[in-house]
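Undergrad: return a 3D structure for these sequence lines:
(2 chains)
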Amino acid sequence: MSHTGVYPVPCDRAVAFELLRQMLRIRRFEEKCAELYGAGRIRGFLHLYIGEEAVAAGVIGALKPEDAVIATYREHGHALVRGIPADVLMAEMYGKRTGCCRGRGGSMHLFDAATRFYGGNAIVGGGLPLAVGLALADRMQGLARVTCCFFGEGAIAEGAFHESMNLAALWNLPVLFCCENNLYAMGTALGRSQSQVDLCAKAASYRIPARRVDGMDVIAVSEAAHSVAEHVRSGIGPYFLEMQTYRFRAHSMFDPELYRDKAEVEEWKKRGPLHTFTDRLKGQGLLSEEEFQALDAEVTREVQAAVDFAEAAEWEPLESLASEVGAVSS
Amino acid sequence: MSAGATISYREALRQALREAMQRDPRVFLMGEDVGRYGGTYAVSKGLLEEFGPDRVRDTPLSELAFVGAGIGAALGGMRPIVEIMTVNFSLLALDQIINNAATLRHMSGGQFSVPLVIRMATGAGRQLAAQHSHSLEGWYAHIPGLRILAPATIDDARGMLAPALADPDPVLIFEHVQLYNTEGALSDAWQATDIRRARVHRAGRDVSLVTYGGSLGKALLAAERLAGEGIEAEVIDLRVLRPLDAETVFESVRRTHRAVIIDEGWRSGSLSAEVSARIAESIFYSLDAPVLRVCSEEVPVPYPKHLEDAVLPQVPDIVAAVKEIVSGHD
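TA: Sure thing, here's the model as predicted:
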């Protein structure tokens, strides 16, 4: 096979199993979300991460509890791996009061103070300056923490990317820039929007060290993230990771996918992070089919419990409409 | 600085900044040329030497990133004061101000707040032409989640910063360019500055002149001129453009039965439109005459003095508007 899985999983079984479990949680959670969207239980925009699970699982697994995470509008997976319970996430998808943001944000705006998860930003590139500021606050307070900022390759066309990369490098701030390069900014291929498609070269132009990683290989992502997170934590400065990955589903639920060939999608699906990793573990005798089925059943139960929780939850009362808005007009 | 001393508006702002940084190690100032240059309007002159480059932080010309970094630093436990050179350049940071600063508390269901202060110069009158003469504070006053302040007096220049920093939500402070060189006595009142209420600046029985910022001085001059002709104008400084203290305006207009609003913004969709609408909605039957407005002419601000003067609200315009509604009924 030409894809991942050609070399042995180098980490211990417990670590590998946890990476698998997290990817499976994202996959099953989102499959259920798609179903619930069809049933009208989840509305608004819904951007699925299916196909890209190795990135969130690998990177966030390398962070410490005191670190901060900033993500995009395609962030269900990041929120799950970061530790926001599936039930409050699902309730937020429904817009219920027991959701992590009391229903105010929905799919694109997941936040959690307990795990330092700062959203959930639906403006492409909108989270990058925030990451610079969080890292600046850490630096000024003498805290050796990492701010991990996820964004798609589409964000690289935004001024916010360039301004933020420059500031982080200029001030040696502890930001881990994680570019999820899934090749399409909605429907616009990278080559149709960038004169320079070597993203690491852009990082280099700001004197930020960069590494390109196979984003379909959770072990490769995890190893790279552990290594560069320590670089960032040590105070040397920011780091740029380009994770080459692929979105198996449409951009959102309203996307007829006119911009890419089905054959291309099928080719990438052969490299799917979940099944290739499962195959590797099985091939090395680290996982049996029974164990996988048991894990899948456990994850499926977790997702179903989350749905039950969201279904049973109350709506936020209308009286609280303006409760979290400052400087309310009289 | 003891009360009663005569100081400039600029010096009052500087004292407020110095005091804020002395009192709270979380407070820092960030913006273009705030440090070595001493501030574009020399407000922060001397502060770099006193507090060092970490806390008086020069930034690149990256409004989007450094305003966003201010938001991130506020999320991360600091109390940043971001100086944007002028409101004209704040347009480059609109995304961060409106999509992040104003929304994060709400979108996160109250888990996060953004205790950020943004200061910027505003207004025309210095022959700086169309791109350096905007008065867009009324625009910002449209946005829920922001508090908008317009210090028009020495006391407010000295006193508004501390309560703005104590506010858990973002506060934007608009300093009119024509005010920096003005001088006056600091009263005893500045230490108890309230950032919720408008202020009756001059009492009068015949008409209420409602204004703010750089137009307050013009309204007071107009009131003096009118007094010479037997018309007693009450002058109200709005001070807080969002949330509007409409009650103070209503209380005045209920007594005078007439109102003229003076606003350097353009008339269409302006703050003056909002004040006028509130009067019409709430105390229509107290009025003896239509509410009139003196605003800027609806053209980009031109360079030559005679044309710029013609665009901006002037004392004779205010006097004429008052006479139009007072003489008609007396």
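Undergrad: can you count the residues close to residue 64?
TA: Using chain A. By the criterion of other C-beta atoms under 10 Å in any protein chain shown, residue A:64 has 10 neighbours. Heads up, the C-betas are built off the backbone N, CA and C, glycines and all.
Undergrad: hm, I was asking about chain B
TA: 23.
Undergrad: what's the residue lying closest to residue B:38 once chain neighbours are set aside in contact with, if anything?
TA: Spatial nearest neighbour of residue B:38, chain neighbours left out: residue B:45 (3.6 Å); criterion: C-beta to C-beta, 6 or more residues apart in numbering or on different chains. Shown in contact with residue B:45 (C-beta atoms under 8 Å, 6 or more residues apart in numbering or on different chains): B:14, B:38, B:39.
Undergrad: once you drop chain neighbours, what's closest to the first one?
TA: Spelled out, it's residue B:14. residue B:43 (5.6 Å).
Undergrad: okay, now residue 9: neighbour count?
TA: Since no chain was named, I'll use chain A. Neighbours of residue A:9 (other C-beta under 10 Å): 20.
Undergrad: to clarify, I was referring to chain B.
TA: Neighbour tally, residue B:9, other C-beta under 10 Å: 25.
Undergrad: that one touches residue B:177, doesn't it?
TA: No. Counting by C-beta atoms under 8 Å, residue B:9 does not reach residue B:177; the two are 10.5 Å apart.
Undergrad: you'd agree the residue nearest to residue B:14 is in a strand?
TA: No. The assignment for residue B:43 (DSSP: H, G, I helix; E, B strand; the rest coil) gives coil, which keeps it out of a strand.
Undergrad: show me the contacts for it.
TA: Contact partners of residue B:43, counting by C-beta under 8 Å, 6+ apart, are B:10, B:13, B:14, B:17, B:83, B:175, B:180.
Undergrad: before we move on, back to that, list just the nearest of the contacts of residue B:45 to residue A:84.
TA: residue B:39 (42.6 Å; C-beta to C-beta).
Undergrad: helices along the stretch 1-150 of chain A, start to end?
TA: Under the criterion DSSP state H, counting those that start in this stretch, helices of the stretch 1-150 of chain A are mapped to A:13-38, A:53-60, A:76-82, A:86-94, A:127-140.
Undergrad: reformat those helices as CSV; add mean neighbour count and distance to chain B.
TA: Shown next, in CSV, are those (neighbours: other C-beta atoms under 10 Å in any protein chain shown; distance: least, C-beta to the nearest C-beta, whole Å):
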stretch, mean neighbour count, distance to chain B
helix A:13-38, 19, 19
helix A:53-60, 30, 19
helix A:76-82, 27, 12
helix A:86-94, 26, 9
helix A:127-140, 29, 2
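Undergrad: quick one: contacts of stretch A:181-193?
TA: Contact with stretch A:181-193 is made by A:51-52, A:124, A:152-154, A:157, A:197, A:199, A:215, A:242-247, A:251, A:255, A:257-260, as judged by C-beta under 8 Å, 6+ apart.
Undergrad: list the buried residues in it.
TA: By 16 or more other C-beta atoms under 10 Å in any protein chain shown, the buried positions in stretch A:181-193 come out as A:181, A:182, A:183, A:184, A:185, A:190.
Undergrad: what's the spacing between residue A:304 and chain B?
TA: For residue A:304, the distance to chain B equals 25 Å [C-beta to the nearest C-beta, to the nearest Å].
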